[in-house]
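**Q** Coordinates for the following, if possible.
(one chain, ligands or ions: 1)
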Amino acid sequence: MGLIRFLRGAKLLGQTNEIPGKSLVEHAYEANVDIPTNCTSGNCGSCMVTLLSGKVSLPDPLTPGLDDEIVEEGARLGCIGIPTGDVDIDILPPI
Ligand code: FES
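**A** Down below sits the predicted model:
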């Protein structure tokens, strides 16, 4: 079972155990961390966070909230990204 941690810079904001099949936003809620959301369907990018380490699923094909370049920088969408295993997330977008 993975540990999902939410950071802002070097500061740990909260953490929770992996809940299989649940999104990053749902994990953040369990960890008492707020990730802003709007569309909750991968289109607006409001919930964009940065993957620091570990695995978070990406939509295939990418939804309008993401593009290849920003994904390279570590961008993931909190509303639809599913973490697996130990994952560290910075709650701010990469750029
Ligand atoms: S809330 Fe719109 S992309 Fe996640």
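**Q** Please count neighbours and contacts with C-alpha atoms only from this point.
**A** Will do.
**Q** Quick one: distance of the strand or helix carrying residue 52 to the chain centre.
**A** Using DSSP states H and E, residue 52 maps to strand 48-56. Distance, stretch centre to chain centre, for strand 48-56: 6 Å (C-alpha atoms, centre = their mean, to the nearest Å).
**Q** What residues of that strand count as buried?
**A** Neighbour counts over strand 48-56 (16 or more other C-alpha atoms under 10 Å) mark 48, 49, 50, 51, 52, 56 as buried.
**Q** List the strands paired with it, with their directions.
**A** Applying DSSP bridges, strand 48-56 is found paired with strand 75-77 (antiparallel), strand 83-90 (antiparallel).
**Q** residues making contact with it?
**A** Applying C-alpha atoms under 8 Å, 6 or more residues apart in numbering, the contact partners of strand 48-56 are 73-78, 81-94.
**Q** Name the single longest helix found in the chain.
**A** Using DSSP state H, we find that the single longest helix of the chain is helix 24-30.
**Q** so how far is it from its chain's centroid?
**A** For helix 24-30, the distance to the chain centre is 9 Å (C-alpha atoms, centre = their mean).
**Q** Please pick the buried ones from the contacts of strand 48-56.
**A** 74-78, 81-94.
**Q** The ligand next: which of these are close?
**A** Among those, the residues within reach of the ligand (C-alpha under 6 Å from any ligand atom) are 77, 78.
**Q** center of the chain - which residue?
**A** residue 78 (3.9 Å; C-alpha atoms, centre = their mean).
**Q** show me what contacts residue 27?
**A** By C-alpha under 8 Å, 6+ apart, the contact list for residue 27 reads 4, 16, 18, 19.
**Q** 10 Å instead, please
**A** Listed by C-alpha atoms under 10 Å, 6 or more residues apart in numbering, the contact set of residue 27 reads 3-6, 14-20, 33-35, 78, 82-83.
**Q** Since that was my last question, I'll sign off now.
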